[in-house]
Structures are given as C-alpha cells and as structure tokens.
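> build me a structure from this.
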Amino acid sequence: MGKTMFYINGKYVDENQAYISVMDHGFLYGDGVFDAFRVYNGKIFQFDAHMNRLYDSARIIDLDIPLGKEQFKNIIIETVRRSGYKDCYIRPQVTRGVGSLGHDPGTCKESSIIVYVTPTPVLKKERSIRTIISSYRRPPAFILPPESKITHYMNNILGKMEARKRGADDAILLDMRGFVSEGCAWNIFLVKNKRVATPSITSSILRGITRDVVIQLLNEMNITVEERDMTVSELFTADEIFGTGTGSGISPVIEINGREVGDGRPGPTTNETEIRLKELIEKTGTPVYE
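Residues are numbered from 1 along each chain as shown. Reported below is the predicted structural model:
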C-alpha cells in the first residue's frame, strides 16, 4: 500500500495537489535536468551515483541547484517515506524556474525543485525486446550535451514512436557518424565470441548508471568490456545483445530490423549478468525506512 507523492518547491503534496506554473521554463522550453532511480525493498539503488549525475547534468547546462546534495537526498528520502512505498520509482527534477516568455534564462529568478515518487512501472512479462534501427539520430555534443540528462527528450520519443509504428518494442539510435549510440532509454551491450563491447561516450550516449554497474559486474566475471565505436553490421552478427537501464534492468534484444540476434533467445552472458545484477540490488542500497 502507498500513494504517489511529490515534493515541489518546499512542499510535500499528493498527486491532486501537484502543480507548477505554466511560466516555468521547464514546461515552456524543456530547460531542466532530471534523474531516475529505483527503490527495491525499501532501499534506494545507486543513490549517490544518480545524485552525482544529477548535479553534473545541472553543471553542464549552467543550472543552479539551490540545495546541497545531502539536503536534496534527505528530501528524496522523506518523499519516499511519505509515499509509503517499498518498491517505487523516483524522479528528481530541477528546472530553470518561472520566467518570462522567451527562452532567455536570465528572466528566471529561482530554480524549481521537484521530486516525483510513484509505483514502479509494470513491465511486460516477456523481458526480451524486438527493435529497429531508427531513422532518427542521437544529436552530437555540439548540438546538445549527451552527458547531461536534460528534460528535452523529443529525439527519444520520435524513435520510440517509429519503433511502435513498425511493430517493434523499441529503437536503436545511431550517432551522426552512423555508429551505434543507444536505445531510446537504455545503453546497449554486444556479445561476440565471448567478448563484450558497448558504445563509448564519443557516440553521443548518456552514460547510464546501470551501464557502469554492468561493466563492473562483467569485469568481475573476468569479461573485459570494450568501450568503442560500434557498427550496425556488428549488431547483425552478434551472438547476444542486451540493453541496460534503470527502469528495465537488463533487457535481452532478440531481434533487430526483423533479423534474429543469435538464436533469437537471451544468451548465457546476458542471463548471468542479469542474475548478478539482481544479487547486487538485493545486497546493496541506501535504506529509506530506518
């Protein structure tokens, strides 16, 4: 039992009372940053890593977060406690705040702080996904900073819509050079001849927290992970492919553009990595209800 809870600019409110000004530049122009992480059995997984990324994201776009990191963490913990959930999804967001029409951030006097706690989204029973190569590309760093988790997600949305219209679950986006970048909301790993590769940060990826955890787990399995440019041809000849993300954990990719990946089933490296990730989640985390 529990209920969806929000913290908005100093107040803890339920969903019926949660609102922001229509003049907030996060609403008007997507001018803000956010992060997303999970509570498993009353413990926040990779709390510090996600908060560090949130503050780094804000620094990249020169956005002030008017809270110390520990103060912000305490607000998040209190929001979770007020929700009553032991398994839930957390989304802290910081926007440029209320300003005038026009995209000049100088009209915004104070950043808006929002924390959203809701039940963990229900995932489909079949964890494997069928994908396409999207016609949309991940923007390069000279257009939008890929390392910053900004609230402008139209590129990802268009890729997702394209996948659904073509009968797939999700899309894989390429970078502007034609190399593999990432899924609509997940990082990608490729297994070939018991070697693992993943696109590097030069491929316009968001460096995922789960991605970093999985690289560490693979290293503990004595599997070296290459972070490098990856071609579409490599996807078509891979033994296994899987995605990593906060919402889904590990998602085996079993089809790309109608072509089976490997034998069309989750492979041994994918399965073992998923087992180890679940074990890590059970053993670690920041307790909320203490």
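> neighbours around Ile113, how many?
19 (other CB atoms under 10 Å). Just so you know, the C-beta spots here come from the backbone N, C-alpha and C atoms, and that holds for glycine as well.
> list the contacts of it.
Each residue near Ile113 by CB atoms under 8 Å, 6 or more residues apart in numbering is listed here: Tyr7, Ile8, Asn9, Gly10, Ile65, Pro66, Leu67, Phe72, Ile75, Pro92, Gln93, Val94.
> what ranges does the stretch 1-150 of the chain have for its helices?
25-29, 47-60, 69-83 (DSSP state H, counting those that start in this stretch).
> Asn156 is nearest to which of those helices?
In terms of CB to CB, the element of these nearest to Asn156 is helix 47-60, at 15.5 Å.
> beta partners for Arg195?
As for beta bridges, Arg195 partners with Lys192 under DSSP bridges.
> any figure for the gap between it and Glu240?
When distance is defined by CB to CB, to the nearest Å, Arg195 is 11 Å away from Glu240.
> more neighbours: those two, which one.
Neighbours per residue, other CB under 10 Å: of Arg195 and Glu240, the larger number sits with Glu240, 24 against 13.
> name the element the closest residue to Ser251 other than its chain neighbours belongs to?
With CB to CB, 6 or more residues apart in numbering as the measure, Gly243 is the residue that lies nearest to Ser251, at 4.4 Å, once sequence neighbours are left out. Element membership for Gly243, per DSSP states H and E: strand 240-245.
> show residues contacting the next helix or strand after that strand.
Heading C-terminal from strand 240-245, the first helix or strand you meet, by DSSP H and E, is strand 249-256. Contacting residues not belonging to strand 249-256 are listed as 127-133, 168, 172, 186, 188, 210, 214, 235-236, 240-245, 260-262, 264-267, 270, 273-274, 277-278 [CB under 8 Å, 6+ apart].
> list buried residues within those.
127-133, 168, 172, 186, 188, 210, 214, 235, 240-245, 261-262, 266-267, 270, 273-274, 277 (16 or more other CB atoms under 10 Å).
> so where do the strands sit in the stretch 1-150 of the chain?
5-8, 11-14, 32-34, 37-40, 43-44, 88-95, 112-119, 129-137 (DSSP state E, counting those that start in this stretch).
> tabulate these (TSV), appending distance to Asp104 and mean pLDDT.
Putting the strands of the stretch 1-150 of the chain into TSV (distance: least, CB to CB, whole Å; pLDDT from 0 to 100) gives the following:
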stretch	distance to Asp104	mean pLDDT
strand 5-8	24	98
strand 11-14	28	97
strand 32-34	15	98
strand 37-40	32	96
strand 43-44	36	98
strand 88-95	15	98
strand 112-119	17	97
strand 129-137	29	97
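> distance to Pro199 for the ones you listed - can I get that in JSON lines?
What follows is these, written out as JSON lines (distance: least, CB to CB, whole Å):
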{"stretch": "strand 5-8", "distance to Pro199": "35"}
{"stretch": "strand 11-14", "distance to Pro199": "39"}
{"stretch": "strand 32-34", "distance to Pro199": "22"}
{"stretch": "strand 37-40", "distance to Pro199": "22"}
{"stretch": "strand 43-44", "distance to Pro199": "27"}
{"stretch": "strand 88-95", "distance to Pro199": "25"}
{"stretch": "strand 112-119", "distance to Pro199": "29"}
{"stretch": "strand 129-137", "distance to Pro199": "13"}
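> out of those strands, nearest to Glu290?
Relative to Glu290, the nearest member of these by CB to CB is strand 43-44, separated by 9.9 Å.
> what is the orientation angle of the one helix or strand Met161 maps to with strand 129-137?
Counting by DSSP H and E, the element that carries Met161 is helix 154-165. Relative orientation of helix 154-165 with respect to strand 129-137: 130 degrees, computed using axes from the mean of the first three to the mean of the last three CA atoms, to 10 degrees.
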